[in-house]
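Trainee: Sequence and predicted model, in that order:
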Amino acid sequence: MTYDLTNRRVVPLDLDGVTDKAGLMDRCARALALPDWFGRNWDALADSLSDRTVWPEGADGRGLLLVVRGWRACADARPQEWATAQEVFAEAAERDPALTVALAVGGSAEHLTGQAGRSDRD
């Protein structure tokens with residue numbers, strides 16, 4: 001469990017290798033530890049992101065920062081679905097200021113493993 005500088009619960013959502021809505025929903029369900037009844041559709045995702053009672057432990061009282069990584073393949077493969085996903089993320093964040101969704105520029109979590117402190121300029 002990690003927290004950002006504003007003490008929000010940070011949850012990585014790694015979409016590396018995901019190229020469709022079903023994969024995106026599965027990764028969201030896993031990353032956010034959503035309940036079994038999560039419907040794996042856009043409305044269910046919006047509802048879950050807006051419902052603090054299903055947020056990961058420690059996020060309800062502090063806020064949630066969802067960091068989306070490895071999203072480019074999904075965006076390229078299914079631009080319409082990716083546009084809808086971004087709308088869902090944005091609308092949920094607008095409804096609850098304790099939620100922030102950030103799209104990370106760069107690689108996936110796998111790419112970042114062992115890379116702390118390194119850059120291409122080193």
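Mentor: All right, it came through fine. Numbering: from 1, shown residues only.
Trainee: Next one: residue 78 from residue 63, what distance?
Mentor: The gap separating residue 78 from residue 63 is 30 Å, by CB to CB, to the nearest Å. Quick note: C-beta positions are derived from backbone N, CA and C, even for glycine.
Trainee: Apologies, that question was intended for residue 88.
Mentor: With CB to CB as the criterion, residue 88 and residue 63 are 18 Å apart.
Trainee: Also residue 79?
Mentor: For residue 79 relative to residue 63 (CB to CB), the value is 30 Å.
Trainee: So between the two, which is more surrounded?
Mentor: Higher neighbour count among residue 79 and residue 63: residue 63, with 21 against 10, using other CB atoms under 10 Å.
Trainee: Now tell me which helix or strand of the protein has the poorest mean pLDDT.
Mentor: helix 109-112 (a mean of 46; mean pLDDT, DSSP states H and E).
Trainee: Select the longest helix from the protein.
Mentor: In the chain, with assignment by DSSP state H, the single longest helix is helix 79-95.
Trainee: Which residues does that helix contact?
Mentor: Residues from elsewhere that reach helix 79-95, judged by CB atoms under 8 Å, 6 or more residues apart in numbering: 20-21, 24, 42, 45-46, 49-50, 66, 68, 71, 74-75, 99-101, 103.
Trainee: pull the CA atoms of that helix into PDB?
Mentor: Backbone C-alpha positions of helix 79-95 (Å, rounded to 0.1, in the frame of the first residue of the first chain) are rendered in PDB as follows:
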ATOM      1  CA  PRO A  79     -10.000   4.100 -29.800                       C
ATOM      2  CA  GLN A  80     -13.700   4.400 -29.300                       C
ATOM      3  CA  GLU A  81     -13.600   2.100 -26.200                       C
ATOM      4  CA  TRP A  82     -10.600   4.000 -24.900                       C
ATOM      5  CA  ALA A  83     -12.500   7.300 -25.400                       C
ATOM      6  CA  THR A  84     -15.400   5.900 -23.400                       C
ATOM      7  CA  ALA A  85     -13.000   4.700 -20.600                       C
ATOM      8  CA  GLN A  86     -11.500   8.200 -20.400                       C
ATOM      9  CA  GLU A  87     -15.000   9.700 -20.100                       C
ATOM     10  CA  VAL A  88     -15.900   7.200 -17.300                       C
ATOM     11  CA  PHE A  89     -12.700   8.100 -15.400                       C
ATOM     12  CA  ALA A  90     -13.200  11.800 -15.900                       C
ATOM     13  CA  GLU A  91     -16.900  11.800 -14.800                       C
ATOM     14  CA  ALA A  92     -16.100   9.700 -11.800                       C
ATOM     15  CA  ALA A  93     -13.300  12.000 -10.700                       C
ATOM     16  CA  GLU A  94     -15.600  15.000 -11.200                       C
ATOM     17  CA  ARG A  95     -18.300  13.400  -9.000                       C
END
